[in-house]
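Participant: The following comprises the amino acid sequence and a computationally predicted model.
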Amino acid sequence: MKILITGGAGFIGSHVVRRFVNTYPEYKIINLDKLTYAGNLANLKDVEEKQNYEFVKGDIVDAIFIDQLFADQDFDAVIHLAAESHVDRSISSPLEFVMTNVVGTVNLLNAAKKYWTGEYLNKRFYHVSTDEVYGALGEEEMFTEETSYDPHSPYSASKASSDHFVRAYQDTYGLNAVISNCSNNYGSYHFPEKLIPLAINNIKNNKPVPIYGKGENVRDWLWVEDHARAIDLIFHKAESGTTYNIGGHNEWKNIDLIRLLCKIMDRKLGREEGASERLLTFVADRAGHDLRYAIDSSKLQKDLGWKPSLKFEEGLEKTMDWYLANEDWLNGVTSGDYQTYYTEQYSER
């Protein structure tokens, strides 16, 4: 089987690529990535010499390039993770998210429709999405696969649109498509504009840790390797046209999460208790900031037997240990343009 994995040099994508390359040596894995700020081939150094792995640099927005890639490679399947994913960036540059997340997805769908004609049932298009397409929750309910879409940011609107296009191609053309919507991921190789790696890096360097608003926003956290394992199961076992939600059943208020992280970092860095918490800095809240997300992944657990493998505190410790042991990786991704963006984004109130 020859599988195209888009966005495979990014955070989640690199974990999916690594899992498929190592678990299925009989498969050929083609990693397509544009290598923007969040795509980093250093994420995959441990598999780059494997015989069943190949990297291709390219942009899914380039329809001619995508068409030629499908013509040359004769893919059996696509696992589509390439996306602009940071909400703050979508607020400042919404058109970039429309182009990558919507137009890029449609380019891949068009190529699959063109080159898989007559073989749809033997091929598979797996689209990886987000829980943010569902909007915000109250205090009790959870997102299910039947929850109506209600996106509140340019990012979530672009992902909702891409989800709709995948379902439309499945219904209209008979494409063998599946979709998964996941909660917030955490783990190694995460670009440090997102909450957990940003906080780890800033605490390590005694820099302010920015917290939006009062820190009361609630998120459900999923260890990225559990997510990759779920993608593996869904890719191989889900029925065509199926959607699965993937969540960690692990809700935390942002402020409580960061206080826990500060406590663990003080211990790991040999600092006095409470030292890191003094770095917390409350900043102006994000526009359209959803208060709470929570995923009900019971369908995935019932159908395919998946469940999270780690308690959050254990996964968080593993994640922090990785970042503290990989300073070269962190230094490499927190220089240049990242610093300019960081300064612009997190101005104090």
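Facilitator: Yep, it's here.
Participant: What residues sit buried inside the host helix or strand of residue 257?
Facilitator: Residue 257 is part of helix 254-269, with elements assigned from DSSP states H and E. By 16 or more other Cβ atoms under 10 Å, the buried positions in helix 254-269 come out as 254, 255, 257, 258, 259, 261, 262, 264, 265, 266, 268. (Each C-beta comes from the backbone N, C-alpha and C, glycine too.)
Participant: Restricting to C-alpha, output that helix in PDB.
Facilitator: Extracted in PDB, the C-alpha atoms of helix 254-269 (Å, rounded to 0.1, in the frame of the first residue of the first chain):
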ATOM      1  CA  ASN A 254      -6.300  26.700  31.200                       C
ATOM      2  CA  ILE A 255      -5.300  28.400  34.500                       C
ATOM      3  CA  ASP A 256      -5.400  25.100  36.500                       C
ATOM      4  CA  LEU A 257      -3.400  23.300  33.800                       C
ATOM      5  CA  ILE A 258      -0.700  26.000  33.800                       C
ATOM      6  CA  ARG A 259      -0.500  26.000  37.600                       C
ATOM      7  CA  LEU A 260       0.000  22.200  37.600                       C
ATOM      8  CA  LEU A 261       2.700  22.600  34.900                       C
ATOM      9  CA  CYS A 262       4.400  25.300  37.000                       C
ATOM     10  CA  LYS A 263       4.400  23.000  40.100                       C
ATOM     11  CA  ILE A 264       6.000  20.200  38.100                       C
ATOM     12  CA  MET A 265       8.500  22.500  36.400                       C
ATOM     13  CA  ASP A 266       9.600  23.800  39.800                       C
ATOM     14  CA  ARG A 267      10.300  20.300  40.900                       C
ATOM     15  CA  LYS A 268      12.200  19.300  37.700                       C
ATOM     16  CA  LEU A 269      14.200  22.500  37.600                       C
END
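Participant: What is that helix packed up against?
Facilitator: Packing partners of helix 254-269 (3 or more Cβ pairs under 8 Å, 6 or more residues apart in numbering; DSSP states H and E): helix 195-204, strand 209-212, strand 218-223, strand 280-283, helix 312-325.
Participant: wait, which of these is closest to residue 27?
Facilitator: Closest to residue 27 of those is strand 218-223 (Cβ to Cβ; 23.8 Å).
Participant: Not counting its own residues, what contacts the closest one?
Facilitator: Taking contacts as Cβ atoms under 8 Å, 6 or more residues apart in numbering, the residues outside strand 218-223 that touch it are 131, 182-187, 246-254, 257, 291-295, 308-310, 312, 315, 319.
Participant: what's the average pLDDT for that strand?
Facilitator: For strand 218-223, the mean per-residue pLDDT is 93.
Participant: Report the angle between it and helix 312-325.
Facilitator: Between strand 218-223 and helix 312-325, the angle comes out at 70 degrees (axes from the mean of the first three to the mean of the last three Cα atoms, to 10 degrees).
Participant: following strand 218-223, which helix or strand comes up?
Facilitator: Next along from strand 218-223, by DSSP H and E: helix 224-237.
Participant: Show me the contact partners of the next helix or strand after that following helix.
Facilitator: Note on helix 224-237: by DSSP H and E, the next helix or strand toward the C-terminus is strand 243-246. Strand 243-246 is contacted by residues 131, 143-145, 178-183, 222, 227, 230, 234, 238, 295-297, 299-300, 303-304, 306 when judged by Cβ under 8 Å, 6+ apart.
Participant: cool, and stretch 21-34?
Facilitator: The contact list for stretch 21-34 (Cβ under 8 Å, 6+ apart) reads 1-10, 13, 17, 20, 39, 41, 44, 47, 50-60, 69, 73, 75, 82, 232.
Participant: Name only those of these that count as buried.
Facilitator: Among the contacts of stretch 21-34, the ones that count as buried by 16+ other Cβ under 10 Å are 3-10, 13, 17, 20, 39, 44, 47, 52-53, 55, 58-60, 69, 73, 75, 82, 232.
Participant: mind listing which of those residues are in helices?
Facilitator: 13, 17, 20, 69, 73, 232 (DSSP state H).
Participant: Nearest to residue 126 among those residues?
Facilitator: Nearest to residue 126 among these, with distances taken as Cβ to Cβ, is residue 232, at 10.4 Å.
Participant: Just confirm the closest one contacts residue 18, I think it does.
Facilitator: No: with contact defined as Cβ atoms under 8 Å, residue 232 and residue 18 do not form a contacting pair (11.2 Å).
Participant: Give me the below-cutoff pLDDT ranges for the stretch 1-150 of the chain.
Facilitator: For the stretch 1-150 of the chain, no stretch has pLDDT under 70.
Participant: residue boundaries of the strands in it?
Facilitator: Ranges of strands within the stretch 1-150 of the chain are 2-6, 28-33, 53-57, 77-80, 124-130, based on DSSP state E, counting those that start in this stretch.
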